Each structure stands twice: as C-alpha cells, then as structure tokens.
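Undergrad: The following block contains a protein sequence and its predicted model.
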Amino acid sequence: MSRTNSSTHNTSTIGAIGAPSRRNTELGLLVFAVVIPVFAYINVGLAIDGEIPTGLLGYGIGLGLLAAVGHVVVRRFAPYADPLLLPLATLLNGLGLVVIWRLDQSPRLHAMAASRGNEFVAAAPRQLLYSAIGIALFVGVLLLLKDHRILQRYTYISMAASLVLLLLPLVPGLGRDVFGAKIWISIAGFSIQPGEFAKIVIAVFFSGYLMVKRDALALASRRFMGLYLPRGRDLGPILTIWAVSLLVLVFENDLGTSLLFFGMFVIMLYVATERTSWIVIGLGMSAAGAVGVATFAGHVKARVDAWLDPFGCYADSGACEQIGQSIMSFGSGGVLGTGLGQGNSDLIGFAANSDFIFATFGEELGLAGAMAILLLYGLIIERGLRTALAARDPFGKLLAVGLSGAFALQIFVVAGGVMGLIPLTGMTMPFLANGGSSVIANWALVGILLRISDTARRPAPMPASNPDAEMTQVVRP
Amino acid sequence: MNKPLRRIAIFCGLLIMTLLIRDNWLQYVKAGELQDNGKNRRISIERYAQPRGDIIVDGNPITGSAKTNGSDYAYKRTYKNGPMWAPVTGYASQAFGATQLESLEDGILTGNDDRLFFRRTLDMITGKKKEGGNVVTTLNGAAQKAAFEGLGSKKGAVAAIDPTTGAILALASTPSYDPSKFAGNSTTTDTPAWQKLQKSQNPDDPMLNRALRETYPPGSTFKVVTAAAALEHGLYPDPDDKTETPLPWVMPNTRTELKNDGPLPCKDATLRMALQVSCNTVFGKAGADLGKDKMRETAEKFGFNSEHFIPVRANASVWPKEMDEPQTALSSIGQFETATTPLQMAMVAAAVANDGKLMEPYMVSRLQAPSLDVIEKHTPDEMSRPLSEENAQKLQSMMETVVEKGTGRNAQINGVKVGGKTGTAQHGVDNSEKPYAWFISYAKTDSGSPVAVAVVVEDSDASRGDISGGGLAAPIARDVMKAVVDGKE
C-alpha cells in the first residue's frame, strides 16, 4: 500500500486525488503531546517537593510508549486517518495524569481519607493502567474494525446492548449508589460506569436506524406554521428516546447521561432529516422534561439550587460546597494561575480528581491554561465534525457527527457544570478525569473516529486498467 | 446531509465559545471578588503558609511563629508575654482573624505588601521561600512592664507617650488576654478559649483595649485642660493671682451649688492652689466664664472630638457640643458628658510637658523588609499647639506643685521633676457606681521631658474611700515614669 500521495505518481487520467497521509505530522505532534506532560510532571515535582520526581522515568516512558503504540498502529492500519485526533487525546490524557498525580500528593485529601477511616489510594498509577487499557481498546478498534460500515449490521443489537448498559446500574447487587447517582456497577472489584460505553453503542444504533428511516422521517410530514410536523407514527422513536432518558434520570439520578443521549439523538435526527422542526420539537421536549424532573427529583432540585446560589446554601448542602469551592478555585487562579502544584483546588474534596478536575486546571494554570484545555477539546470536536463532512457514506457521517456531538455536549455539560454555568451533572471530562470507564470509552471513541476518517480520506482505489485504452496505444515512436 | 452538519459544527463552536466566555467571566472579571470571598479559605491558608514577620520591641520580637501539624495552616502565631502586649499587638488567629497591628500591618507581616513586590519577585526567581517583614514599635519594654504589673489584678489602663516625639512608650490594659491561646483553629482548645473571652461570657471584657477604645469621664484630670484654656484665653493670665471665685459657688442659671471634695481653701484661690488641692468651684466657674466654645477650642487642640490613628484606631474623646452653662461648668471639671481615652489624657500631659507642642502619637517607628531594609520610617510630626510655650511653662509649674505638695505626692521620684494631676471621676446615675481613679503626669529631666503618662483604674473591688487618683493611680504612673527615666540614664 503506497503511503505517498497517489496523485503525483498516478499517470492515469482519471486518477483519484487522494489526501496526503499526514502520518509524519501526527508523529511530530505526538512528540509535543508527550513532552508537554513530562515537563508538567517535572513542574509539579519541583513545586511540591523541590526536586524532580522519582517516578518521572517510568511515567514519561509509559506515556511515550502508549503514544508510540497508538502511532504505529495508526500508521499501519489507518494510514489516511486524521493526524490531529491521536496527539490531542494523548496530550489531554497526559495532562490528566499529571494533575491526578498532583492531587495524589495533597496532604488535605490524605487527611480527609483518614478522617473517613479509609486508606488513601493513589489514583495516578491506576489511571496510567486504565490509559493503557484505553490504548489497547483503541488499537483493537483499528485492528478489528476494517471498515466502520460493518457496524451498520449491528444496528438492533446495538440498541439492545445500549439499553442493557444503561439499565445495568439498576440491577440489584450489581449497581452501586455513589453519592446519590446510580451510574456505577461493580464487577470483581472494578467499578465501571456503563453509561460511558453506552454513549458509543447508542450512537451506532442511532446511525443505523436513522440511515434507514431518514427519508420517511424527513418527507412524510405536514406543514404547520412554517414547521414540518412529522406524522404521529414517526414521532415514536424520539418519544421513546425521550422516555428512556427521563427514566435514566429518574431512576439513576443521572442528569448528564440522559441529557447527553437525548441531545445526541436530536442532533443526529436533524442531520439525517435536514428538518429544523426536529430541533424545535427536541428542545421543547427537553425543556418539558427538565422542568418536570427539576420539580420532582430531590437530587436534581438540590443541584439546581446550588447552581442558582452557590454560596447561599453552603451550610445545608454538600452540592453547594462543591460547586462553591470549584468556582472559588477558578477565581483564585486568575489569569495566569498559581502554577502546577501550588493551588488549593483540593478544598473541593473527594471529587477533585474526577468530576471537578477541570477546576484544578483553572486554579493552577489560570485562565490561559483552562482556555487552552477547552480549545484542545474544541479541536477534537472540530476534527470529528470534519470527519463527518468528509465521510462519503451516510452511516459514517451520522456516526461521526453523533460521536463528536456527544463529545461536545459532554464537554459543555461538565465544564459548564464545574464553572457554575449550568447545574452540576456528575459527568467527567473525557481523558482528563480520574476513572477507568471514561478514559477507556473515550479512547474507543477516538479509535472509531479515526477509522471513519481513514475511510473518508483514503484515495479511491486505482481504476482497473482499461482494455480499450490499451488497444488505442498502438502508435509509438 | 452537509448543510445541517455545518450548522451542528457552528452549534458546537458556540458551546465551546460559551464555555470560554464563562471562563473569562470567572477567572478575569470575577476573579478578585472570588478571591476575597468570605468562604474562600485560601486567604488564611496563604497567610499562615509561612512564618509571619515579627512585632519588635526594644530590638526583640514579642511575637513568634510555631509550625503546626494536621491542619490547612502550616504555622500559627505565638506571643511572648501575650497578656502584657495584647493591647499593642492585637491578635492573629487562624480561626478568628486578626486585629490591631497584626491586622493593619498584615501585608508586611505576611510579606504580601506591594512595597515588597520587587524583592518577592527576586526571591521567586532564586527559589527562596517567601518571608514576612517586621514591624518595629516605639514601645519601651520596661515602661510596659511597670504599667502592666502596676495595674496587676485591677481593672484599668495606662498610656505613656514620649512628649518630644509622640512615640508611644506603654499601652497597657487590664484585665488582658493571651492571644496565643486562640491563635490556632482547634475546636477543642482554641474555640473555647475564644468564647471565654467574649464580652457575652466574660463581663470584664478582657479583649477591650481600654487604653485606646474605652472612654472614661476624666474627672479632675480635665482641670489641666480647663487651666490651659483659662491661661490661653487670658481669663487668669497669672497662675498666682487670686481668682474671683466665691465659696460656695452656685452654678449659673441654677440654684445648685458646685461642691468641693471637702473643706478646701478654694475661696478666691489662685489657679495654682486650685489645681494643687483640686477645687471644683474654681475650675467649674472658670469653664462657665470662658463658655463652651472657648473651652471646646482648647479641648479640640488637645485632640478631643477626633479619632487618632497610631496607626491602630483610638476612639474619639468627647467634649460635648451642645450644653448650657451649668453643664459647661460640670464638663470643665471632667464630669457631665466629657469622656476621654487614657491615650487622650496622656496627650494632654505630653502637650504641657513639651512646652505646648502636641506631637502626633504613633507606635510604629519603622517597617522592615525580611532583609531588615527599612521600608517605611515614621518621622515625628507636630499635631497642634494647644498653648503657648510661656503658658505651658506656667502650667508645668502648677502641675509640679500638685506633685510636690498637693494631691499627687505619690508620684514623686527622687531627683526628677514630676508634674501631675489626680482625678476621681464619678460615674453611674447619681454617682451610684464606684468612681474611676485617674492620674496624668509627666517627668522632666535637664534634657526635656522623656515621658508623659495617663493612668486610669476602675477598681470595683477597692472600698470607696480608697479610690482616689493619688492613692491608686499615681504609684503606677510613678513606676512607669521611673522605668523610662532610669532607662535613659
């Protein structure tokens, strides 16, 4: 397989104009993506202990190795894939590891674990392990999934799988109630958040389903007040998703996941049908759902109260203290931040390295650092959407836009939550936050996006040589 | 499908944009407000992250810092001889904030002051830890000790000033408290210690700085001010001329006699004699004759009716604005609504001793950077001139007579010229409560006056007959003056 630009070598008159592979660009960017976290790691060590941390070698090599494996596999099995996605994910993963390691050093978190009678468990080594598993899954996706269109075959299996994943936390004995939200399951000592994986599986189902039904959903409609209203029977799917989201919200207290699923579905429906009316209907339904749930579910209501007045309900709600501390973390960071290892974001408490990890970036890297992180996420989303634009098949388009849209919604919901822009949802920043499910699932997500972009950018195969052309080439000097 | 896709891309861009705007709002626009939020413990964590600078008396620190374990705060404040110095230092507590010098000079003590910025930046580059600067006070350890021990278990206050510069030499208040006891944030030791000191639980109010923040009726010590006004406004220009004072003297527009404290030789007494034996009639009449406005003019030149910042705030002493003639007469002998801080009365004595020049009182002579470089130095400043040099010397000779052969004999010091005035101030409705014993005085050597002092004792334990300025307060004043004079030799 030629890795060079096919258009320069192909003398055929109808040669495909393929994109350059850009693998070397990716390699160059990956070097940055590894070196920057390594410097950050040194920075934390110097700030906290005044010396270069002893684990630097293992950590640097670990991250470098993961990046190298990812790169080699992409170079070999997805040569035309987008060159930015892997470095961006590696950089975020690396920075997340640095900050988790930095919070492991916090005497305050150690003291807090001790006062609860727990032994403090350092999270960074486990996170490195999870990152390795994530990369393994990423490699697995690229190796096994030769063409993303294969996924199309599993539309209805995906639906079943995603429902099972979503409802697993409700199974007695398996689900765990962690701080009010039933979004965890516990298997053999490992805690898994099935919702993170369900996010990908359900995107596969939506893509397959919408690809088949898009014409019916788009065309069979009545015009009413400038909007195309779908037929009653076509409303079925969106009503079902809406109901499932609400069920998840009510029974699992998981505002984030339900919002994510419903939002993702509306986005994909809109892209598939090109009908703005779906957006209007979707917004109306989510507004109705949000108001209804906020009124009746105590857990959600407390979060809304904490959002409205983070400092007012300090005394009587733990949610208030977390969001209040988080907002003060951002404020105390100011424009340039306190410097890695020198802030007090651990005042947020036990969720400092998971849900609220972005607050540590805000405090220790300042406005500059936090904006950089947001822009990195923005770039991932942008590359994902670009992949959707470039994809040639509707299934790939829908899958790419679904995954990137879900990713964007998740960033917005989490970052907006910890910055007090919207009520807290209890989701995690992809790649940054401590937690196996999140890291592993998002590496798989990046793997799928890379596979779609590889298919999209791959030059069309050389046309079979034309026997007629051969016949005419009789006159030779 | 590309058209809606592009719109979704725009929508995602807007999501990120919204986050960026919110981030700017929090970290740029609102940053200051959030940093200073009352619930933001970072301020106190930062304050106690390194040892605080010290407050220094006579070249030695009277404060310190101790490393603590197991809390957010790395260091806590310690105090040497805390109860004695509490009126000077105030307190700095992890749990309860800071007051007085600890609070006012917090920037220097923590090293956060802008004037240390350049040095701090240098230290940051060279990797040196941040250090706090020092606050060097004008206080005199021996005088403070004499004042604090003189007050002993009695309730009261002492303020001593160097008349020539305005430097504060002693500032004692009893009962006092030990700021070390609640410098930390332990709920088992510090919080109960703090609560025990609150006025609601402790009627003695040990945290009240009586030298600066409590105003007492000055009683007869105020006659020094009235005498100054009488000399300055030419009512009785010569202290040895007879005044036109009948005995008994009925206050103007009333049928009430102003009484003296016993059968004193006050009929037509000279000003000198009136001060020596403390005639209410002579000074009451003098005040009434001068009128409230002339009296106020002199009182305000001495510093009445305004707050003083040394830099700790001292309450304003009161010479009432609205009163009729008999009230003016009563006010002129330090009763009615006249009320002063001990610091104010020390300023009166100091102005007289300094030949009529009142120097601005101050207690911080300089601020030092951690490297001991001087950041700010106080230069003595004249505040006002309540009386002319000539009149001041007349008043000095009158006050010296008080100590030589009048009510102030207990303040005599061998070989030193001492001028003073006693006071026994009534208080409570119809004089129902035990009076305050006052004494104001100054010492004078050949090279001028090194110390002026005001003492007030509010001792409810002493029997009523024993309470007199000469008996209770004058010995304390003597000891303080002696400590200063002995230190000068």
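TA: Great, that's in hand.
Undergrad: CA atoms for contacts and neighbours, from now on please.
TA: Noted.
Undergrad: and the residue of the stretch 101-250 of chain B found nearest chain A, how many neighbours?
TA: Sorted by distance to chain A under Cα to the nearest Cα, the residues of the stretch 101-250 of chain B start with B:Gly127, at 9.4 Å. Each residue near B:Gly127 was counted by other Cα atoms under 10 Å in any protein chain shown, and the total is 10.
Undergrad: same question, A:Pro461
TA: Close neighbours of A:Pro461, defined as other Cα under 10 Å, add up to 10.
Undergrad: measure it to chain B for me?
TA: Relative to chain B, A:Pro461 is positioned 24 Å away (criterion: Cα to the nearest Cα, to the nearest Å).
Undergrad: which outside residues touch stretch B:178-190?
TA: Residues outside stretch B:178-190 that contact it (Cα atoms under 8 Å, 6 or more residues apart in numbering or on different chains): B:76-79, B:81-83, B:86, B:90-95, B:191, B:193-194.
Undergrad: same question but for stretch A:39-48, I mixed them up
TA: Stretch A:39-48 is contacted by residues A:51-53, A:56, A:95, A:98, A:102, A:340-342 when judged by Cα under 8 Å, 6+ apart.
Undergrad: Tell me which residues touch B:Ile375, please.
TA: Counting by Cα under 8 Å, 6+ apart, B:Ile375 touches B:115, B:366-369.
Undergrad: what's the answer for A:Ser191, then?
TA: Counting by Cα under 8 Å, 6+ apart, A:Ser191 touches A:184-185.
Undergrad: Which helix or strand contains it?
TA: Using DSSP states H and E, A:Ser191 sits in strand A:190-192.
Undergrad: That strand pairs with which strands, and in what direction?
TA: Strand A:190-192 has the following sheet partners, assigned by DSSP bridges: strand A:181-187 (antiparallel).
Undergrad: What's the mean pLDDT across the partner strand?
TA: For strand A:181-187, mean pLDDT is 70.
Undergrad: Specify the strand with the largest residue count in chain B.
TA: Longest strand in chain B by number of residues (criterion: DSSP state E): strand B:433-445.
Undergrad: Following element in sequence after that strand, please.
TA: Counting by DSSP H and E, the next helix or strand C-terminal to strand B:433-445 is strand B:448-457.
Undergrad: remind me which residues of the stretch 51-200 of chain B are low pLDDT?
TA: Counting by pLDDT under 70, the stretch 51-200 of chain B shows low-confidence ranges at B:70.
Undergrad: and the residue of it nearest chain A?
TA: Here the stretch 51-200 of chain B gets closest to chain A at one residue, B:Asp72, 7.2 Å apart by Cα to the nearest Cα.
Undergrad: OK, contacts around the closest residue to that residue other than its chain neighbours?
TA: Closest residue to B:Asp72 apart from its sequence neighbours, by Cα to Cα, 6 or more residues apart in numbering or on different chains: B:Ile45 at 6.2 Å. Listed by Cα under 8 Å, 6+ apart, the contact partners of B:Ile45 are B:72-74.
Undergrad: quick check: mean pLDDT across the strand holding A:Ser191?
TA: Here the average pLDDT along strand A:190-192 is 75.
Undergrad: The most centrally placed residue in chain B: which element?
TA: In chain B, the C-alpha closest to the average C-alpha coordinate belongs to B:Leu212, at a distance of 3.0 Å (Cα atoms, centre = their mean). For B:Leu212, the element it lies in under DSSP H and E is helix B:210-213.
Undergrad: Which other helices and strands does that helix contact?
TA: Judged by 3 or more Cα pairs under 8 Å, 6 or more residues apart in numbering or on different chains; DSSP states H and E, helix B:210-213 is in contact with strand B:156-161, strand B:168-174, strand B:313-314, helix B:342-353.
Undergrad: which element follows the helix or strand harbouring B:Leu19 toward the C-terminus?
TA: When elements are assigned from DSSP H and E, B:Leu19 belongs to helix B:2-24. For helix B:2-24, the following helix or strand on the C-terminal side (DSSP H and E) is helix B:31-35.
Undergrad: do that next one and chain A meet at all?
TA: Yes - on the criterion Cα under 8 Å from any Cα of the partner chain, helix B:31-35 is in touch with chain A at B:31-35.
Undergrad: What strand or helix carries A:Trp101?
TA: Going by DSSP H and E, A:Trp101 is part of helix A:85-104.
Undergrad: Surely B:Ala142 and B:Lys482 touch.
TA: No - contact criterion Cα atoms under 8 Å: B:Ala142 and B:Lys482 do not qualify, at 9.4 Å.
Undergrad: can you redo the contacts of B:Ile45 as TSV with distance to A:Val73, neighbour count and secondary structure?
TA: Output for these, formatted as TSV (distance: Cα to Cα, whole Å; neighbours: other Cα atoms under 10 Å in any protein chain shown; DSSP: H, G, I helix; E, B strand; the rest coil):
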residue	distance to A:Val73	neighbour count	secondary structure
B:Asp72	48	20	coil
B:Tyr73	50	20	coil
B:Ala74	50	18	coil
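Undergrad: quick one on the thing from earlier: which among the contacts of stretch B:178-190 end up buried?
TA: Buried by 16 or more other Cα atoms under 10 Å in any protein chain shown: B:76-79, B:82-83, B:86, B:90-95, B:191, B:193-194, out of the contacts of stretch B:178-190.
Undergrad: out of the residues you listed, who's nearest B:Leu395?
TA: When the buried ones among the contacts of stretch B:178-190 are ranked by distance to B:Leu395 (Cα to Cα), B:Ala86 comes first, at 34.5 Å.
Undergrad: number of nearby residues for B:Ser397?
TA: For B:Ser397, the neighbour count with other Cα under 10 Å is 17.
Undergrad: Give me the contact list for the strand or helix carrying it.
TA: Using DSSP H and E, B:Ser397 sits in helix B:389-405. Here helix B:389-405 makes contact (Cα under 8 Å, 6+ apart) with B:224, B:227-228, B:231-232, B:238-239, B:271-272, B:275-277, B:352-357, B:408-412, B:417-421.
Undergrad: pLDDT on that helix, on average?
TA: 87.
Undergrad: need the next SSE after that helix, C-terminal direction.
TA: Downstream of helix B:389-405, the next assigned helix or strand under DSSP H and E is strand B:417-427.
Undergrad: Past the least confident helix or strand in chain A by mean pLDDT, which element shows up next along the chain?
TA: Ranked by mean pLDDT, DSSP states H and E, the weakest helix or strand in chain A is helix A:6-9, scoring a mean of 46. Scanning forward in sequence from helix A:6-9 by DSSP H and E, the next helix or strand is helix A:23-49.
Undergrad: in that next one, what's buried?
TA: For helix A:23-49, by 16+ other Cα under 10 Å, it's A:23, A:26-27, A:29-31, A:33-35, A:37-38, A:40-45, A:47-48.
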